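[1] give the three-dimensional model of this entry:
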Amino acid sequence: MANQEFFKGIDKIKFEGRESDNHLAFKWYDENRMVAGKTMKEHLRFATAYWHTFVGTGGDPFGPGTKNFAWDQKGD
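    Residues are numbered from 1 along each chain as shown. Model (predicted):
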């Protein structure tokens with residue numbers, strides 16, 4: 001599953017600096033930049049909560065969910 005491509009045509013998001021006009025580029029996060037003896041990649045390990053991000057509807061104690069995903073629709 002780790003080698004599966006989920007967003008076809010979207011390459012790895014790269015650091016291009018704050019002057020970049022590329023919406024799919026990091027402006028401040030440079031995974032190789034050293035901060036306090038570690039790289040930013042070591043400090044900031046990105047993760048996502050599968051259920052809440054890809055399955056949940058966004059509901060919380062303040063109101064019902066507002067997210068609608070194509071994969072939630074019933075098939076034929």
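
[2] quote the end-to-end distance of stretch 41-56.
    For stretch 41-56, the first-to-last residue distance is 28 Å (CA to CA, to the nearest Å).

[3] cool, and stretch 14-34?
    End-to-end distance for stretch 14-34: 16 Å, by CA to CA.

[4] contact partners of stretch 67-76?
    With CB atoms under 8 Å, 6 or more residues apart in numbering as the test, stretch 67-76 has contacts from 54, 56, 57, 58. (Each C-beta comes from the backbone N, C-alpha and C, glycine too.)

[5] for stretch 48-62, same thing?
    Applying CB under 8 Å, 6+ apart, the external contacts of stretch 48-62 come out as 64, 65, 66, 67, 68, 69.

[6] you'd agree residue 52 is in a strand?
    No. Counting by DSSP: H, G, I helix; E, B strand; the rest coil, residue 52 is not found in a strand; it is helix.

[7] list the residues that contact residue 21.
    Neighbours of residue 21 in contact, by CB under 8 Å, 6+ apart: none.

[8] quick check, distance from the lowest-mean-pLDDT helix or strand in the chain to the centre of its chain.
    Lowest by mean pLDDT, DSSP states H and E among the helices and strands of the chain is helix 50, with a mean of 79. Mean-position distance between helix 50 and its chain equals 11 Å (CA atoms, centre = their mean, to the nearest Å).

[9] still on that earlier bit, turn the contacts of stretch 67-76 into TSV, including neighbour count, pLDDT and distance to residue 26.
    Formatted as TSV, the contacts of stretch 67-76 follow (neighbours: other CB atoms under 10 Å; pLDDT from 0 to 100; distance: CB to CB, whole Å):
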residue	neighbour count	pLDDT	distance to residue 26
54	12	79	22
56	14	83	26
57	13	85	29
58	12	82	25
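
[10] alright, calling it a day.
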